[in-house]
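Participant: How does the following fold in three dimensions:
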Amino acid sequence: MKSLRSFVSHIKILVLFAVVVIAVTEVMNYLYVDDTTEFARCMMHEFYEDDTNIDRLYLGSSHVFCDIDPTVLDNINGEYNFNLASHMQQMITSYYLLREADKKHHISRVYLDLFYPCTNAGKGNFREYDSLSPSWAVINQLRPSANKLSYMLDLSDPEYYYLTFLPFMRYREKLFSSDYIAEIVKGKQTTEWKNYAYSYIAPDGSEIIKSGGKGFRIYYGELEYGDFCMKYEESSIAENPMTKESIEYLVKIIEYCESHDIELTWIVCPVPDLQLTCVGGYDNYVRQVTELAEQYHIPYYDFNLCRREYLDVSDGKYWFDTGHLNSYGAEVYSKFLGDFLLAQEQGKDTYQDCFYGSYEEKIHDLASEIFGLQIVQSRDYKRYLPDVAEEDREEYAIYRLRVVTSASVNNDNIRISVKKDLGTGEAEEVPVVQEGSEAYVILSSHEHGELYIEAELKGEAESVRWNGIQY
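Facilitator: Next up is the predicted model:
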């Protein structure tokens, strides 16, 4: 009897300890974890609160929640569609979200978006410390369950468990910052945060971003500089670029769908040709995914290879940046996607010649056009400033301009001009040294203003302009 009382006493102490730890963790998470602008919080709340059975589930990155409107698809296929997508969603996240959805719903079809940065080196190495944050954003919003625990344990090596299980520890450098805590608490006192709403109001009072329901985000924004412009560089996509971890969980998704009688389809939402052309090597990714699709007998449709006579979202009016469609582009793409997928299910040959065999074939088939501008700061002083002494180089800022085009260009058939404005309202011409489709300008490193760049292909009726690029 005494031993029983001792056992019960120890159990009570353990339970009390667990309650205290959980309570302290919840308080610390509230004070430090910044999810005030996290779309996954809104999306997961919609998912848990929606009692309608999900027939068709869409998994993937922000390209899914920006590009695919489930309501448009409802009207086409007559079933209930839902986006369970998140920022830079990795394959491990897609797998565990699929399991989470299948616990509650009788899912008949799953469409998995395979955006290349989510599966390749970098974010595709999702167990590495620098790649954990996209999973953490979703784990924060999952309700307690065996599925969530399994996800947390599978995500990383044990050395990072404390960051996964104690979210506030990711912000440990802010532990004694009263200003940071005050900012987070203020954000969580808003009606919007409390109601799991999601919106962004522009200075003029217009609502630019808001939740469209069922995991869709409406964005009325437009391209920042008037047309497609990239201010960064990426390494070219290598042969067989998908990581082992990504393939491992891609296969887990295939096996899960097979064992639960769920039809699986792989898709790739379109991105502007500027991005894929600048990166280079996209066909390496296409080949690997195609081989995997054939090996596992999975339908695979990459809409970056779609002919424009079927789907044309090349106009800048359909995009808000160089990767995501705005609400106008999403309407066009969602309508086509719904019609296309339904035709495949019904065995129709309406779209039998819809796709190019490769991305290279698509580019070669396009008429001469400018896809956009890549502008990056260069430190190649030996090439651009060979006569300047090393100790004087920091006085200059070199900007390399690349006009990305499907045309074969040289100095004779492309013109690049640059003007700058230091805030006076008057733009002055900047000398440009041009080498084919590339050019560079040299400015004082002490200047700060805006660049206005124009490019024109010989024989084309219109030029392309980029306005107000900060430098």
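Participant: List the buried residues for the helix or strand containing residue 3?
Facilitator: Assigned by DSSP states H and E, residue 3 falls within helix 2-32. By 16 or more other CB atoms under 10 Å, the buried positions in helix 2-32 come out as 28-29, 31-32. No exception for glycine: its C-beta is placed from N, CA and C like everyone else's.
Participant: Stretch 417-424 too?
Facilitator: Neighbour-count burial for stretch 417-424, counted by 16+ other CB under 10 Å, picks out 417-418, 420.
Participant: Just the CA atoms of it, as CSV, please.
Facilitator: Output in CSV follows, covering the C-alpha atoms of stretch 417-424 (Å, rounded to 0.1, in the frame of the first residue of the first chain):
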residue,chain,number,x,y,z
SER,A,417,20.7,52.8,-71.8
VAL,A,418,20.9,53.8,-68.1
LYS,A,419,19.9,57.0,-66.2
LYS,A,420,20.3,57.8,-62.5
ASP,A,421,18.4,60.0,-60.1
LEU,A,422,20.1,61.0,-56.9
GLY,A,423,16.8,62.3,-55.5
THR,A,424,16.7,65.6,-57.3
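Participant: Would you mind checking the average pLDDT for it?
Facilitator: For stretch 417-424, mean pLDDT rounds to 90.
Participant: just the strands in the stretch 151-300 of the chain please.
Facilitator: Secondary structure of the stretch 151-300 of the chain, counting by DSSP state E, counting those that start in this stretch: strands at 199-201, 207-213, 216-219, 229-230, 263-268, 300-302.
Participant: follow-up on the earlier one: looking at the buried residues of helix 2-32, which is nearest residue 38?
Facilitator: Using CB to CB, residue 29 comes nearest to residue 38 of those, at 13.0 Å.
Participant: Could you report the pLDDT at the closest one?
Facilitator: 89.
Participant: now residue 205
Facilitator: 63.
Participant: ok, so of the buried residues of helix 2-32, who is nearest residue 153?
Facilitator: residue 29 (19.3 Å).
Participant: who are the neighbours in contact with that closest one?
Facilitator: Applying CB atoms under 8 Å, 6 or more residues apart in numbering, we find residue 29 in contact with 167-168.
Participant: who touches the closest residue to residue 106 other than its chain neighbours in this structure?
Facilitator: Nearest non-adjacent residue to residue 106, counting by CB to CB, 6 or more residues apart in numbering: residue 53, 5.8 Å away. With contacts defined as CB under 8 Å, 6+ apart, the neighbours of residue 53 are 80, 105-106.
Participant: quick one: residue 53 from residue 102, how far?
Facilitator: Noted for residue 53: a distance of 11 Å to residue 102, by CB to CB, to the nearest Å.
Participant: Flag the shaky bits of the stretch 1-150 of the chain, pLDDT-wise.
Facilitator: Confidence mapping of the stretch 1-150 of the chain against pLDDT under 70 gives the ranges 1-2, 4-10, 18.
Participant: Okay, strands next: where are they in it?
Facilitator: 56-60, 81-85, 109-113.
Participant: Walk me through which strands the first one pairs with, and which way each runs.
Facilitator: In the sheet containing strand 56-60, its partner strands are strand 81-85 (parallel), strand 109-113 (parallel), by DSSP bridges.
Participant: out of those, which comes closest to residue 212?
Facilitator: strand 81-85 (9.3 Å).
Participant: Name the surrounding residues that touch the closest one.
Facilitator: Strand 81-85 is contacted by residues 43, 47, 50, 54-65, 68, 70-71, 73-74, 97-98, 100-101, 113, 214-216 when judged by CB under 8 Å, 6+ apart.
Participant: how about a cut-off of 7 Å?
Facilitator: 47, 54, 56-62, 64-65, 68, 70, 73-74, 97, 101, 214-216 (CB atoms under 7 Å, 6 or more residues apart in numbering).
Participant: and the buried residues of stretch 417-424 as TSV, adding distance to residue 310 and secondary structure?
Facilitator: Listed next are the buried residues of stretch 417-424 as TSV, based on distance: CB to CB, whole Å; DSSP: H, G, I helix; E, B strand; the rest coil:
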residue	distance to residue 310	secondary structure
417	36	strand
418	37	strand
420	42	strand
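Participant: Among these, which one lies nearest to residue 465?
Facilitator: residue 417 (9.7 Å).
Participant: helix/strand/coil for the nearest residue to the closest one once chain neighbours are set aside?
Facilitator: Computed as CB to CB, 6+ apart, the closest residue to residue 417 that is not its neighbour in sequence is residue 454, at 4.9 Å. Secondary structure assignment for residue 454 (DSSP: H, G, I helix; E, B strand; the rest coil): strand.
Participant: Quick check: residue 454 touching residue 427?
Facilitator: No. Counting by CB atoms under 7 Å, residue 454 does not reach residue 427; the two are 11.1 Å apart.
Participant: which stretches of the stretch 351-471 of the chain have low pLDDT?
Facilitator: 409-412, 461.
Participant: ranges for the strands of it?
Facilitator: Using DSSP E, counting those that start in this stretch, strands in the stretch 351-471 of the chain cover 370-378, 396-405, 414-421, 428-430, 433-435, 438-444, 450-457, 464-470.
Participant: beta partners of the residue nearest to residue 417?
Facilitator: Beta bridges link residue 454 to residue 417, residue 465, judged by DSSP bridges.
Participant: burial count for it?
Facilitator: A count of neighbours around residue 454, defined by other CB atoms under 10 Å, yields 16.
Participant: what do you get for residue 152?
Facilitator: When counting by other CB under 10 Å, one arrives at 17 neighbours for residue 152.
Participant: Leaving out the residues flanking it, which one is nearest to it?
Facilitator: residue 164 (5.0 Å).
Participant: That neighbour contacts residue 155, correct?
Facilitator: Yes. Residue 164 lies in contact with residue 155 (CB under 7 Å); the separation is 6.0 Å.
Participant: Please tell me how far stretch 398-405 is from the chain's geometric centre.
Facilitator: 24 Å (CA atoms, centre = their mean, to the nearest Å).
Participant: Name the residues that touch that stretch?
Facilitator: Contacts for stretch 398-405 (CB under 7 Å, 6+ apart): 274, 277-278, 368-378, 384, 414, 416, 437-443, 453, 455, 457, 471.
Participant: Go ahead and build a PyMOL selection from the buried members of the residues you listed.
Facilitator: Filtering the contacts of stretch 398-405 down to the buried ones (16+ other CB under 10 Å) takes a single PyMOL command:
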select buried, resi 274+277+278+370+371+372+373+374+375+384+414+416+437+438+439+440+441+442+443+453+455+457+471
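Participant: Deepest in the core, which of the strands of the stretch 1-150 of the chain is it.
Facilitator: Across the strands of the stretch 1-150 of the chain, averaging neighbours per residue (mean count of other CB atoms under 10 Å) puts strand 81-85 on top, at a mean of 27.
Participant: Would you pull up how far it lies from the middle of the chain?
Facilitator: With CA atoms, centre = their mean, you get 15 Å for strand 81-85.
Participant: What angle do strand 207-213 and that strand make with each other?
Facilitator: For strand 81-85 against strand 207-213, the angle by axes from the mean of the first three to the mean of the last three CA atoms, to 10 degrees is 120 degrees.
Participant: sorry, back to before: closest one of the contacts of residue 53 to residue 183?
Facilitator: residue 105 (37.5 Å).
Participant: That'll do, ta.
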